[in-house]
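Engineer: quick one: sequence and predicted model below, then my questions.
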Amino acid sequence: MSGLEGLRAIVTGGASGIGLATARLLAERGAAVAVLDLDPSGVPAPLLALKADVCDDASVRAAVDDAADRLGGLDIVVNNAGIGAQGTVEDNPDDEWRRVLDVNVLGMVRTARAALPHLRRSAHAAIVNTCSIAATAGLPQRALYSASKGAVLSLTLAMAADHVREGVRVNCVNPGTADTPWVGRLLDAADDPEAERAALNARQPMGRLVTADEVAEAVVYLASPAAASVTGTALAVDGGMQGL
Ligand code: NAD
């Protein structure tokens, strides 16, 4: 027994980085897992790969219902799809705010709305949202991204209160800077990616980035029956950055 046998999970944004590490770990621990992603083409077996855009309500509903159908129900939802944004409030135009909030906040709302009818039928229902230390750390040059993750934190607390009596737990993880393709793309865009990576590592209290697998461990704990009494909490996996 690895702990999640018989449970059925979906992971949005599960084709890369933290989402892929989480989907793999959920499957390794015994869950049946569907990945919902804009581009699920590289998702490895035994994960079920479903194409979905969290910005499109019809697409999310169809993919969530399809996943529940093919997995035989739904117990775990990992709301992980997200995109970044850099700059101060003077740098990002309104359209960019709408685009990022649409993915990072409304994407989770749409997925939760589609999944809740299925989750209410589960004896071990859990939602885990991928938030960030940006929600509370006051990071420079991250106004829009921080606001989006601040909303995810508040959404997590409100949903936990709304759904606790229905047997649906809602928590979030707050990763620090995690070594994923997303961060790789940012480093690659620098003039000297190796020097930039060394500087980034040096800024971390532990001298290194958090790994996607370490974040996945926290997500899987919050999603598992081992956390049956845990709801409305944020678990930081930030290598000592102390966003909370
Ligand atoms: P990533 O870019 O490696 O993976 C993100 C995945 O989300 C991709 O597969 C992408 O296709 C998918 N996606 C993007 N928009 C989508 C949409 N509209 N519909 C469906 N799928 C979509 O990123 P990552 O670093 O693994 O980040 C995952 C989550 O972790 C995000 O919510 C991010 O905000 C959060 N996070 C990341 C870090 C970090 O340092 N990497 C830190 C804190 C929080």
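Structural biologist: Thanks, I have it. Numbering: from 1, shown residues only.

Engineer: pretty sure Val219 sits against Asn174.
Structural biologist: No - under the criterion of CB atoms under 8 Å, Val219 makes no contact with Asn174, lying 11.2 Å away. C-beta coordinates here come from the backbone N, C-alpha and C atoms, glycine included.

Engineer: so between those two, which is more surrounded?
Structural biologist: Here Val219 and Asn174 are compared on neighbour count by other CB atoms under 10 Å; more neighbours surround Val219, at 30 against 27.

Engineer: check for me that that one belongs to a helix.
Structural biologist: Yes - secondary structure assignment places Val219 in a helix (DSSP: H, G, I helix; E, B strand; the rest coil).

Engineer: which residues are in contact with it?
Structural biologist: Contact partners of Val219, counting by CB atoms under 8 Å, 6 or more residues apart in numbering, are 18, 22, 25, 78, 80, 128, 130, 173.

Engineer: can you narrow those residues to ones near the ligand?
Structural biologist: Of the entries in the contacts of Val219, those that also sit close to the ligand under the rule CB under 6 Å from any ligand atom are 18, 80, 130.

Engineer: from those residues, which ones fall inside helices?
Structural biologist: Filtering those for membership in helices, criterion DSSP state H, returns Ile18.

Engineer: among the ones next to the ligand among the contacts of Val219, who's most crowded?
Structural biologist: Asn80 (32 neighbours).

Engineer: give me the residues contacting stretch 43-62.
Structural biologist: Stretch 43-62 is touched from outside by 12-15, 20, 23-24, 27, 32-41, 63-64, 66-67, 70-71, 81, 102-103, 106-108, 110-111, 114, with contacts defined as CB under 8 Å, 6+ apart.

Engineer: run the chain-centre distance for that stretch.
Structural biologist: Mean C-alpha position of stretch 43-62 versus that of the full chain (CA atoms, centre = their mean, to the nearest Å) differs by 14 Å.

Engineer: quickly check: it near the ligand or not.
Structural biologist: Yes - applying CB under 6 Å from any ligand atom, one finds that stretch 43-62 is in contact with the ligand at 52-55.

Engineer: check which element follows the longest helix along the chain along the chain.
Structural biologist: In the chain, with assignment by DSSP H, the single longest helix is helix 143-163. In the C-terminal direction, the helix or strand that comes right after helix 143-163 (DSSP states H and E) is strand 168-175.

Engineer: fine by me, thanks again.
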